[in-house]
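Asker: sequence first, predicted model second:
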Amino acid sequence: MDFVVVLHVSAALLLIVAGLAKIFKPLPTAELLASFKLPKVAAAVVVIGVVETAVGVSALVFGGPLWAAVIGIFYVGFIGVVGRALATGARSCGCFGRADAPPSWIHVLGNALFAAVSFVASLGRTPAQVMADQPAGGIGFVLGAGVIAGLALVAFTALPEAFAARGGTGSSVEFRINSED
């Protein structure tokens, strides 16, 4: 069960990264909202970024079932946003302040995973309780959560971008074996 808490902490860290990106680079998200026929207002995106950052920090600082559930609710919302971005052919998911990060099924599935683990984490121990049982003050727990959040960031942004660059859509993964006879 502690692994679920590590994944939930990773989700909170990634939410903070996404929130900060919206605060400092709101235009990609504003453009995504405009593609949904919503007002293209950078100030609104900054407010969204502040809320995401505050929720992520609160989940880490205070922990508990309420904040874990709130993180899960945010990720359910992200499933809808990224899914709609995929359906409309948006150039970017708008999540991380990058105009060149195409939405992908990898991102949708990652959001679903983070939603699920956050809801499950709301039923168990808090991050602080898990860290208290770890050796070296929980540094391994913190590092593990950070690495997972970083890998998720790469999976959500760079991996779909790489698929798009090679001519794919990033919405499916193809495995090929090349052989020369």
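Answerer: Received it, and whenever you're ready, just let me know what you need.
Asker: which parts of the strand or helix carrying residue 151 are buried?
Answerer: Mapping residue 151 onto the secondary structure by DSSP states H and E places it in helix 139-156. When neighbours are counted by 16 or more other CB atoms under 10 Å, the buried residues of helix 139-156 are found to be 141, 142, 144, 145, 148, 149, 152, 153, 156. The C-beta positions use only the backbone N, C-alpha and C, and glycine is treated the same way.
Asker: closest one of those residues to residue 59?
Answerer: Distance ranking of the buried residues of helix 139-156 against residue 59, using CB to CB, places residue 145 first at 11.6 Å.
Asker: which residues touch residue 134?
Answerer: When contacts are counted by CB atoms under 8 Å, 6 or more residues apart in numbering, residue 134 touches 140, 141.
Asker: in CSV: the buried residues of helix 139-156, plus pLDDT.
Answerer: As requested, the buried residues of helix 139-156 are exported to CSV (pLDDT from 0 to 100):
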residue, pLDDT
141, 70
142, 76
144, 77
145, 80
148, 79
149, 84
152, 84
153, 82
156, 82
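Asker: need those residues in TSV (columns: distance to residue 44).
Answerer: Output for the buried residues of helix 139-156, formatted as TSV (distance: CB to CB, whole Å):
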residue	distance to residue 44
141	35
142	33
144	35
145	30
148	30
149	26
152	25
153	24
156	22
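Asker: check which helices and strands the helix holding residue 151 is in contact with.
Answerer: Here helix 139-156 touches helix 2-24, helix 105-121, helix 127-132, going by 3 or more CB pairs under 8 Å, 6 or more residues apart in numbering; DSSP states H and E.
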